[in-house]
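S.K.: Provided below are the primary sequence and the corresponding predicted coordinates.
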Amino acid sequence: MNDNEEKPVTIITGRVWRESGAGSEGVHIMLLAPDDDTAVRMALEALAQEGYAEAELDQIGEMEGAPDEEPHLSAWQSATEGEIAIVTFDEPV
């Protein structure tokens, strides 16, 4: 990869809890990181800064281009600009 190529956005999926024992929310975290270990560490630090008490991360991978729909499109754009984007959603019952 040369400097002119876009770095792939890493996506991490899982669940988060605002308080221990409370209901969980689904989460998608998008960021740029040099490797998976760094991505997980950065994601956990960002979640802690946002006030999440617990996190259970399930999968990690690289996105192949921009998503089609919001809120993921804005999150992907933020990640390409160096931010750590956190998208939460209600989990299906």
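M.R.: Ah, there it is.

S.K.: show me what contacts the residue nearest to E19 when sequence neighbours are not counted?
M.R.: Residue nearest to E19 in three dimensions, not counting chain neighbours: A53, with 5.5 Å by C-beta to C-beta, 6 or more residues apart in numbering. Every C-beta, even on glycine, is put in place using the N, C-alpha and C of the backbone. Residues in contact with A53, defined by C-beta atoms under 8 Å, 6 or more residues apart in numbering, are W17, R18, E19, S20.

S.K.: H72 versus the last one, what's the distance?
M.R.: Taking C-beta to C-beta, to the nearest Å as the measure, S20 and H72 are separated by 28 Å.

S.K.: And for the first one?
M.R.: For W17, the distance to H72 under the criterion C-beta to C-beta works out to 22 Å.

S.K.: same check, this time on V16
M.R.: Computed as C-beta to C-beta, the V16 to H72 distance reads 17 Å.

S.K.: Show me which pair in the contacts of A53 is furthest apart.
M.R.: Greatest spatial distance in the contacts of A53: R18 and S20, 9.2 Å, computed using C-beta to C-beta.

S.K.: So for those two, which residue has more residues nearby?
M.R.: Taking other C-beta atoms under 10 Å, R18 and S20 do not tie; R18 has more neighbours (14 against 7).

S.K.: Surely that one touches A48?
M.R.: No - using C-beta atoms under 8 Å, R18 is not in contact with A48, being 11.7 Å away.
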